[in-house]
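A.B. asks: only the shape, not the letters, is given here:
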């Protein structure tokens, strides 16, 4: 029984010792054997990017074999370092001349890979592996592309302005937003998205802005996965007219003008059909005078027609004789007047 207790105590102490040794070994070798969590790196199209990979302890790894590979490619090697130089035997052709390591950093346990002139096809999961140490780490590379949007004025009148925002060369597909001067979203038309042969996206949208007061309009294009955002501002001046008439007011004015024109036309038509009383009264008087003179004239005409030509001639002769008699009488009167005035003139001389 005592022997069993001694064996049990020995076993417990031995297991505790083993656990302590293992824990100490893990602590010492922590930087060499653990698999680091996956990191996410965003790179813009055409830029250079560094894929991080390093030991927690600064140990010289320049004499070790180092491997960088794409997990979705076979063979997936994009950089292999062995015997203090790069081995290009199994390197992916699309990465030739675009990957490199820093020999100075290798002396301090930094195996980070520099990838130059990033392409859209470079997006994917990368693995950094040191076979002698058993260390692996992963980097997820996200490739993005962005460009500054451009705002154009499509139409401009006294009360409103139509703006169009367009931005090309985006990846992945972005979203387009319109904002007012206070940062509030504006109601705009649907966003048109086009994808070109280079896999880059072009987005555009239009918005109508009322000229109620001076305002600054912002077009923002953003991509959440790559954390990229670009925006452009456009100042829209307020309307010079303080208040614009409403459409209802304009319709009422037009209707009133139309009704007034119709009434004027009808009134002129009625007046043109109504006889002129003054003209009618004058015509009636003239007709009455003509009718009153008509019997006498008719009688004289009839008598002249009934008289023979000889009697008409005698009447004309008698009329001539009478005029001569009147003329002679007037001359005698003038002679008598002169004779009467002459003696008075003589007496005055005496």
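C.D. replies: Received the coordinates, thanks. Predicted, not measured: the structure shown is a model, and the values here were computed from it. Residues are numbered from 1 along each chain as shown.

A.B. asks: so what's residue 110 closest to, chain neighbours aside?
C.D. replies: Among residues not flanking residue 110 along the chain, residue 54 sits closest, at 4.4 Å (Cβ to Cβ, 6 or more residues apart in numbering). Heads up, the C-betas are built off the backbone N, CA and C, glycines and all.

A.B. asks: pLDDT on the one helix or strand residue 142 maps to, on average?
C.D. replies: For residue 142, the enclosing helix or strand under DSSP states H and E is strand 135-144. For strand 135-144, mean pLDDT is 95.

A.B. asks: and the protein, what are its domains?
C.D. replies: Domain assignment for the chain by automatic domain parsing gives 34-144, 150-236.

A.B. asks: export those to CSV and tack on mean neighbour count and distance to residue 249?
C.D. replies: Shown next, in CSV, are the domains of the chain (neighbours: other Cβ atoms under 10 Å; distance: least, Cβ to Cβ, whole Å):
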stretch, mean neighbour count, distance to residue 249
domain 34-144, 16, 52
domain 150-236, 16, 14
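
A.B. asks: and these as CSV, adding distance to residue 265?
C.D. replies: As requested, these are exported to CSV (distance: least, Cβ to Cβ, whole Å):
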stretch, distance to residue 265
domain 34-144, 71
domain 150-236, 33
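
A.B. asks: out of these, which gets nearest to residue 270?
C.D. replies: Proximity to residue 270 (Cβ to Cβ) singles out domain 150-236 among the domains of the chain, at 42.2 Å.

A.B. asks: need phi/psi at residue 250.
C.D. replies: phi -60, psi -40 (degrees, to the nearest 10).

A.B. asks: re earlier: the strand holding residue 142 pairs with which strands?
C.D. replies: strand 39-44 (parallel), strand 124-130 (antiparallel) (DSSP bridges).

A.B. asks: what's next to that strand, contact-wise?
C.D. replies: Here strand 135-144 makes contact (Cβ atoms under 8 Å, 6 or more residues apart in numbering) with 31-45, 49, 51-53, 55, 71, 115, 118-120, 122-129, 171-172, 223, 225-226, 228.

A.B. asks: low-confidence stretches in this structure?
C.D. replies: 1-36, 213-214, 239-246, 274-285, 287-350 (pLDDT under 70).

A.B. asks: can you map out the helices along it?
C.D. replies: Remark: helices assigned in the chain by DSSP state H are 2-28, 30-33, 103-106, 247-273, 277-306, 309-349.

A.B. asks: residue 79 versus residue 63, what's the distance?
C.D. replies: Using Cβ to Cβ, to the nearest Å, residue 63 is found at 17 Å from residue 79.

A.B. asks: ditto for residue 220
C.D. replies: 39 Å.

A.B. asks: now swap in residue 174 and tell me
C.D. replies: Applying Cβ to Cβ, the value for residue 174 to residue 79 is 32 Å.

A.B. asks: what does residue 157 give?
C.D. replies: Residue 157 is 61 Å from residue 79, where distance means Cβ to Cβ.

A.B. asks: pretty sure residue 162 contacts residue 155?
C.D. replies: Yes: at 4.4 Å, residue 162 counts as touching residue 155 under the criterion of Cβ atoms under 8 Å.

A.B. asks: which residues do the two both contact?
C.D. replies: Joint contacts of residue 162 and residue 155 (Cβ under 8 Å, 6+ apart) do not exist.

A.B. asks: residues touching residue 268, list them.
C.D. replies: So residue 268 contacts nothing (Cβ under 8 Å, 6+ apart).

A.B. asks: partners of the closest residue to residue 38 other than its chain neighbours in the sheet?
C.D. replies: Leaving aside its sequence neighbours, residue 38 sits nearest to residue 138 (Cβ to Cβ, 6+ apart; 4.2 Å). On the basis of DSSP bridges, residue 138 is bridged to residue 127.

A.B. asks: what distance do you get for residue 138 to residue 176?
C.D. replies: Counting by Cβ to Cβ, the gap from residue 138 to residue 176 is 34 Å.

A.B. asks: and for residue 219?
C.D. replies: Using Cβ to Cβ, residue 219 is found at 7 Å from residue 176.

A.B. asks: any idea how far residue 155 is from residue 210?
C.D. replies: Residue 210 sits 13 Å away from residue 155, going by Cβ to Cβ.

A.B. asks: brain fart, residue 226
C.D. replies: From residue 226 to residue 155 the distance is 34 Å (Cβ to Cβ).

A.B. asks: repeat for residue 84
C.D. replies: Distance of residue 84 to residue 155, given as Cβ to Cβ: 68 Å.
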